[in-house]
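Q: Starting from these lines, generate the structure:
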Amino acid sequence: MTINKPQGAPAGAPPRANSRSARRRAREFALQGVYSWLLSGDDSLKESGAIEAHIRDDDEFHEADATWFKTLLHGVLREAPALRVSFMPYIDRPLSELSPIEHGILLIGSFELIHHTEVPYKVAINEAVELAKSFGGTDGFKFVNGVLDKMAADIRPLEVQAAARR
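A: Presented below is the predicted three-dimensional model:
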């Protein structure tokens, strides 16, 4: 694990462990793959394994949860049309106006919300927001948060209601 001084910490501040978990790194690499696929417009890449192979060659891939990466990448690529249908009611613009980063993050976030209920909805949303803060436009994280929050209330109502009562 890498030890870093907290950003903006005063001189002499104690170091802390790198806060990016293996699952977060897996999400980052999955976003790279989804982004590549979106930009290519080549649906044959979904099945070829070329995207996965390219990303696994990254020098930092060993920091990622490889199983989670594969689950996210292949799940999103396989389910992309249905995932788009699931988040379309919550976006305020045509799909064509989304940046490829926001589009990819919404695909990953909606995949986790729909297909991986073992991941708490707040975690799925927070991880998507963190991806948007790291890779998206200035206010993209606000958009991602709003879309996934509304979506979670509709697809995981009991979990959202239980969290609201706490």
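Q: Could you use CA atoms for every contact and neighbour count after this?
A: Noted.
Q: would you say Asp43 is within a strand?
A: No. Assigned with DSSP: H, G, I helix; E, B strand; the rest coil, Asp43 falls outside any strand and is coil.
Q: wait, what's in contact with it?
A: Trp37 (CA atoms under 8 Å, 6 or more residues apart in numbering).
Q: Over to it: give its phi and psi.
A: phi -70, psi -20 (degrees, to the nearest 10).
Q: same deal with Ser99?
A: phi -70, psi 150.
Q: now it: how far from Gly136?
A: 8 Å (CA to CA, to the nearest Å).
Q: of those two, who's got more company?
A: A direct count of neighbours by other CA atoms under 10 Å for Ser99 and Gly136 places Gly136 higher, at 18 against 14.
Q: and the gap between Arg23 and Glu127?
A: Counting by CA to CA - Arg23 and Glu127 are separated by 9 Å.
Q: These two: which has the busier surroundings?
A: The residue with more neighbours, out of Arg23 and Glu127, is Glu127; 20 against 17, by other CA under 10 Å.
Q: So for that one, what's the nearest residue that isn't a sequence neighbour?
A: Spatial nearest neighbour of Glu127, chain neighbours left out: Arg24 (7.1 Å); criterion: CA to CA, 6 or more residues apart in numbering.
Q: chain center to the helix or strand containing that neighbour, what's the gap?
A: Assessed by DSSP states H and E, Arg24 sits inside helix 22-40. Centroid separation between helix 22-40 and its chain, computed with CA atoms, centre = their mean, to the nearest Å, is 8 Å.
Q: Now the element after it, going C-ward?
A: Criterion used, DSSP H and E; the element after helix 22-40 is helix 45-48.
Q: average pLDDT across the helix or strand that comes right after that next one?
A: Next along the chain after helix 45-48, taking DSSP H and E as the criterion, comes helix 50-56. The average pLDDT within helix 50-56 is 93.
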